[in-house]
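>>> Show me the folded form of this:
(one chain, ligands or ions: 1)
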Amino acid sequence: MEVVIAPDAAAASQVVADVIARVVRSRTAPVLGLATGSSPLGAYSLLIDAHRRGELSAAHASAVLLDEYVGLPIDHPEAYRAFIRRQLVDGIDLPASRLFSPDVNADDLLDACHRYDRLLTELGGVDVQLLGIGADGHIGFNEPGSSLASRTRLKTLTRATREDNARFFDDRQEDVPRHVVTQGLGTVLEARHLLLIACGAAKATPIAEAVEGPVSAMCPASVLQLHPHATVVIDEDAATGLRLAGYYREAYEHKPTWQEL
Ligand code: F6R
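Numbering: from 1, shown residues only. Take a look at the predicted model:
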């Protein structure tokens, strides 16, 4: 795992946007794994800026969502499909028909989950999976206790996660869906590159547990330690709980120029 400590959230977003742009430019049919929530928004807006300047085209790319709420009306603005269209897809030239998300309105939800896992394989796998991290260490909506081998499935959000996400629902926790469909931890691990972004003091504890704690279902993000190519991009505030922060800074500063993130 590589840990990049950027001076602030803007610099962290730039690092993440640069990695995604490189994947889009270098592959003939790139598959981007997209996260929602607030952490990736800075990177998404930098990608939109690059597209508007004529420096980035995603016309040949596909995108897959990590997760989706169950039970929201299909046109609800906080449904993750609508969110990601607003925050990224509609601002670049990625075809809307190439944006994939779990079919949470299927009559047979279990089958829809299996189909989603199969779809990721049929697309050739995810080239880079962007991730945020929850206060309880969740990635996607794999809450603590999630199997490290889990596949796409229905999960129940914890009360704490619903409280955190109430900010997207006019602070009405009762409006935050209780259920979601999320890629499992085993599914996430199949992406070729995992790229997690976390900024701010509230992320310091989950980041310390994920990066330097034991690999455990109690901190689902710790599963990144099992991946051969995982990059954790954080700002100084999110780095305060890391024992090896000095080492990560030194390694990044002296990174050989031929070695990409
Ligand atoms: C979103 C997702 C979640 C968020 C996490 C952090 O698709 O899967 O794991 O990444 O809840 O959310 P923010 O970035 O809003 O702090």
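>>> give the contact list for the nearest residue to Gly186 once chain neighbours are set aside.
Nearest non-adjacent residue to Gly186, counting by Cβ to Cβ, 6 or more residues apart in numbering: Ala149, 4.3 Å away. Any C-beta I mention is one placed from the backbone N, CA and C, and that applies to glycine too. Shown in contact with Ala149 (Cβ atoms under 8 Å, 6 or more residues apart in numbering): Gly184, Leu185, Gly186.
>>> Out of these, who's the most crowded?
Compared across the contacts of Ala149, Leu185 has the highest neighbour count, 24 neighbours, by other Cβ atoms under 10 Å.
>>> can you list the contacts of Ala149 in CSV and add distance to Glu250, pLDDT and secondary structure?
Shown next, in CSV, are those (distance: Cβ to Cβ, whole Å; pLDDT from 0 to 100; DSSP: H, G, I helix; E, B strand; the rest coil):
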residue, distance to Glu250, pLDDT, secondary structure
Gly184, 35, 98, coil
Leu185, 30, 98, helix
Gly186, 33, 98, helix
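>>> ok so, going back, kindly state the pLDDT recorded for the residue nearest to Gly186?
Ala149 carries a pLDDT value of 98.
>>> which residues touch the closest residue to the ligand within the stretch 101-250 of the chain?
The nearest approach of the stretch 101-250 of the chain to the ligand comes at Gly132, 2.4 Å away (Cβ to the nearest ligand atom). The contact partners of Gly132, by Cβ under 8 Å, 6+ apart, come to Ala35, Gly37, Ser38, Ser39, Pro40, Ile139, Leu196, Ile197, Ala198.
>>> And for Arg153?
By Cβ under 8 Å, 6+ apart, the contact list for Arg153 reads Leu110, Cys113, Val181, Thr182, Gly184.
>>> So the first one: helix, strand or coil?
Translated: Leu110. Three-state assignment for Leu110 (DSSP: H, G, I helix; E, B strand; the rest coil): helix.
>>> where's it relative to Arg22, distance?
From Leu110 over to Arg22 the distance is 37 Å, taken as Cβ to Cβ, to the nearest Å.
>>> If you count surrounding residues, which of these two has more?
Arg22 (14 against 10).
>>> Correct me if wrong, but that one is in a helix.
Yes. With three-state DSSP as the criterion, Arg22 is part of a helix.
>>> so it makes contact with His193?
No. Using Cβ atoms under 8 Å, Arg22 is not in contact with His193, being 10.3 Å away.
>>> can you give me the strands in this protein?
2-6, 31-34, 62-65, 67-69, 99-100, 128-131, 153-156, 179-182, 194-198, 230-235 (DSSP state E).
>>> and the fourth one, which strands flank it?
Using DSSP bridges, the strands paired with strand 67-69 are strand 179-182 (antiparallel).
>>> now stretch 104-118: how far from the chain's centre is it?
20 Å (Cα atoms, centre = their mean, to the nearest Å).
>>> neighbours of the closest residue in space to Pro30 that isn't next to it in sequence, just the number please.
The shortest distance from Pro30 to any non-neighbouring residue, by Cβ to Cβ, 6+ apart, is to Ala61 (4.6 Å). By other Cβ under 10 Å, 23 other residues sit near Ala61.
>>> quick one: Ala61 and Thr121, what's the gap?
18 Å.
>>> got it, and Met1?
On the measure of Cβ to Cβ, Met1 and Thr121 end up 25 Å apart.
>>> What of Glu2?
26 Å.
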